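Trainee: The sequence and its predicted three-dimensional model are supplied below.
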Amino acid sequence: ALTRILKDPSLAVHHGMVMQAIMFIFNALGLRCVPFLKRIVPHILHTVRTCGQQSLREALLQQVASLSGIVRDHLRPYVPAIFEVVEEFWTTRHLATVLVLVEKMATGVPDDFRRYVPRLVRQMLSSIEKKIEDIH
């Protein structure tokens with residue numbers, strides 16, 4: 001039932017509460033939640049990309065980071081999609097939360113994370129250059 005709410009854009013007002021409920025359940029289940037990842041993670045990432053509410057997006061990014069801490073390497077199938085979200089929201093007001101997500105991914109799926117280090121370094125250097133240009 002919770003996934004149906006996540007899938008329905010007309011129920012976007014409830015997505016934050018649904019995610020809190022899902023994360024409560026996943027925290028309680030620990031690794032026993034792994035079989036449900038395929039039903040939840042794609043919808044979370046889709047909602048992060050499409051929701052119009054900044055606060056909901058921030059909360060969802062935090063939840064993905066928390067989820068990474070719970071399931072660790074079981075998040076491996078979703079690493080490419082997660083890093084697409086990271087790149088998409090790097091230059092937004094969500095950077096602090098995106099960095100927390102990157103940190104959790106680095107510890108949760110270190111072998112897969114290595115593949116994305118060059119892209120992350122480019123993003124970081126670009127951000128630093130932009131800040132320097134803004135100062136001058």
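Mentor: Looks like it came in fine.
Trainee: wait, isn't Leu45 in contact with Val64?
Mentor: Yes. Contact criterion Cβ atoms under 8 Å: Leu45 and Val64 qualify, at 7.4 Å. (Each C-beta comes from the backbone N, C-alpha and C, glycine too.)
Trainee: For the two, indicate the residue with more neighbours.
Mentor: Val64 (26 against 18; other Cβ atoms under 10 Å).
Trainee: distance between the helix or strand harbouring Ile128 and the chain's centre?
Mentor: Ile128 belongs to helix 117-135 when assigned by DSSP states H and E. Centroid displacement of helix 117-135 relative to its chain, using Cα atoms, centre = their mean, to the nearest Å, is 21 Å.
Trainee: what does stretch 102-111 give?
Mentor: 12 Å.
Trainee: Find residues that contact each of Leu45 and Val64.
Mentor: Counting by Cβ atoms under 8 Å, 6 or more residues apart in numbering, the contacts common to Leu45 and Val64 are Ile82, Val85.
Trainee: name the helices or strands packed onto the lowest-mean-pLDDT helix or strand in the chain?
Mentor: When the helices and strands of the chain are scored by mean pLDDT, DSSP states H and E, helix 2-7 comes last with a mean of 83. If you count contacts as 3 or more Cβ pairs under 8 Å, 6 or more residues apart in numbering; DSSP states H and E, helix 2-7 packs onto helix 15-29, helix 37-50.
Trainee: Mind putting the ones you listed into TSV with distance to Pro9 and mean pLDDT?
Mentor: Below are the helices and strands packed on helix 2-7 laid out as TSV (distance: least, Cβ to Cβ, whole Å; pLDDT from 0 to 100):
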stretch	distance to Pro9	mean pLDDT
helix 15-29	9	91
helix 37-50	7	91
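Trainee: Turn those into JSON lines, including distance to Pro110.
Mentor: Output for these, formatted as JSON lines (distance: least, Cβ to Cβ, whole Å):
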{"stretch": "helix 15-29", "distance to Pro110": "21"}
{"stretch": "helix 37-50", "distance to Pro110": "19"}
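Trainee: Nearest approach to Tyr116 belongs to which of those?
Mentor: Checking those against Tyr116 by Cβ to Cβ gives helix 37-50 as the closest, at 15.4 Å.
Trainee: This completes my enquiry, with thanks.
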